[in-house]
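Trainee: This is a predicted model, with the sequence first.
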Amino acid sequence: MKKISERNLRCYDEQYWYGKAFLNDFLNISEKKNYSILEIGPAEGGLLKFFTEKGHKCFGLELSNNRFDNSIQLNSELGIKFINGDITNLSEEMKSYFGQMDILICRDVIEHIPLELKQTAMENMRAFLKKDGLLFVSFPPKYSAYAGHQQVAPNRFAKLPFLHFLPNKVYASFLKLLNIKQNIINSLLEIKQSRISIAGFEKLLNKVDFNIIKKSFYLIRPCYESRFNLKRIKHNFNSFALREILTLGAIYLLKK
C-alpha cells in the first residue's frame, strides 16, 4: 500500500466537506431517492464518498494515474466504481454508461481541458445523462485573480494574484527565478492556455444544448471556507468586466 501525501489527504477531506457543506444543498437532492452520480475528475474521491454514504450509486472518471490510485486506496470498501480515463477520449467501458446517470459533477475540471477539446468533453458529459439529468460545473473564470492556479506553487511570490496575465516567456522566467520546478512551470503554463471565461463557457453551452437551471458567482468561493476559514460571498455584478475579473468561482447547474 503506497503512502498518500498529506496534501492529497487534505484534498480528500475538503472534497467530502464540499459535498456535505455545499453541494448537497445546491443540487437540492431529494432525501427520498437514490441517484446515479458520476464525477469527472474526482481526484481522491472524497466527494463521492459523501454521496455514497447518503445512499447514492457513485462513479468516478479520473485522468491522473496517481490520484486514481489514491481514490481506489481511500475508498476501497465503499463500492464506488472508479475508472482511469479521459473525458475527451472515452473508452468503450465508459461509453457503456451513456444515458445512465442522474447527476454529473465536474468540479474545477473544465478549466484544465484544452480549449479545442472542451466541446467534446461537454458533449460526452451530456451523453452520460438520463433525460432531464443534471450537470454541476464549477470553475475559476479566465480573467480572475487565480484562474492560473498559481496558488498551488510552492513559493509565496508565485502566488501573487493575476500573475498568470504575464506573457508566457516572462511568466516562466519569473517562476524559474523563484526556483519553481520545471514540471510545475509546465503545468501552470498549460492551465494558462486552457482557461475559460464566463462568457466563453455560456457560449459553449449553446453549442452542446444544455439549459441553465441556476448559476452563482462568488467573490469568495465556497471551498475557501474549508481551506482558509473564509465565509463564502456571492455577488451580482451586471458589468461584464467586473463579473469576469472579480468572480473567483463560477458555479452552474445545467439540465439536459
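Mentor: Arrived safely, thanks for sending.

Trainee: Please, where are all the strands along the chain?
Mentor: Using DSSP state E, the strands of the chain run over 36-40, 57-62, 81-84, 101-107, 129-139, 211-220, 233-235, 249-255.

Trainee: Extract the C-alpha set from the fourth one and format it as CSV.
Mentor: Extracted in CSV, the C-alpha atoms of strand 101-107 (Å, rounded to 0.1, in the frame of the first residue of the first chain):
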residue,chain,number,x,y,z
MET,A,101,-26.6,9.0,-14.9
ASP,A,102,-29.0,11.2,-13.0
ILE,A,103,-26.2,13.7,-12.0
LEU,A,104,-22.8,14.6,-13.3
ILE,A,105,-20.3,16.6,-11.3
CYS,A,106,-17.5,18.5,-13.0
ARG,A,107,-15.9,20.5,-10.2
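
Trainee: Which neighbouring elements make contact with that strand?
Mentor: Other helices and strands packing on strand 101-107, by 3 or more Cβ pairs under 8 Å, 6 or more residues apart in numbering; DSSP states H and E, are strand 36-40, helix 118-128, strand 129-139. Every C-beta, even on glycine, is put in place using the N, C-alpha and C of the backbone.

Trainee: Looking at these, which is nearest to K81?
Mentor: strand 36-40 (9.1 Å; Cβ to Cβ).

Trainee: ok now that closest one, how far from the chain's centre?
Mentor: 12 Å (Cα atoms, centre = their mean, to the nearest Å).

Trainee: buried stuff in that strand?
Mentor: Residues 36-40 are the ones in strand 36-40 that count as buried (16 or more other Cβ atoms under 10 Å).

Trainee: Which strands border it, and is each parallel or antiparallel?
Mentor: Applying DSSP bridges, strand 36-40 is found paired with strand 57-62 (parallel), strand 101-107 (parallel).

Trainee: Residues in contact with it: which ones?
Mentor: Residues outside strand 36-40 that contact it (Cβ atoms under 8 Å, 6 or more residues apart in numbering): 45, 47-48, 51, 56-61, 87, 97, 100-107, 109, 121, 125, 128.

Trainee: How far away from the center of its chain is stretch 57-75?
Mentor: Counting by Cα atoms, centre = their mean, stretch 57-75 comes out at 14 Å from the chain centroid.

Trainee: can you dump the C-alpha coordinates of that stretch into CSV?
Mentor: The C-alpha coordinates for stretch 57-75 follow below in CSV (Å, rounded to 0.1, in the frame of the first residue of the first chain):
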residue,chain,number,x,y,z
LYS,A,57,-24.6,4.9,-6.5
CYS,A,58,-21.4,6.6,-7.4
PHE,A,59,-18.8,6.5,-10.2
GLY,A,60,-15.6,8.5,-10.9
LEU,A,61,-13.6,9.1,-14.1
GLU,A,62,-10.1,10.2,-13.2
LEU,A,63,-7.3,11.1,-15.6
SER,A,64,-4.4,11.3,-13.2
ASN,A,65,-2.8,7.9,-12.5
ASN,A,66,-1.6,9.0,-9.1
ARG,A,67,-5.0,10.4,-7.9
PHE,A,68,-6.8,7.4,-9.4
ASP,A,69,-4.6,5.1,-7.3
ASN,A,70,-5.4,7.4,-4.3
SER,A,71,-9.1,7.1,-4.9
ILE,A,72,-9.0,3.3,-5.0
GLN,A,73,-7.0,3.1,-1.8
LEU,A,74,-9.0,5.6,0.2
ASN,A,75,-12.4,4.3,-0.8
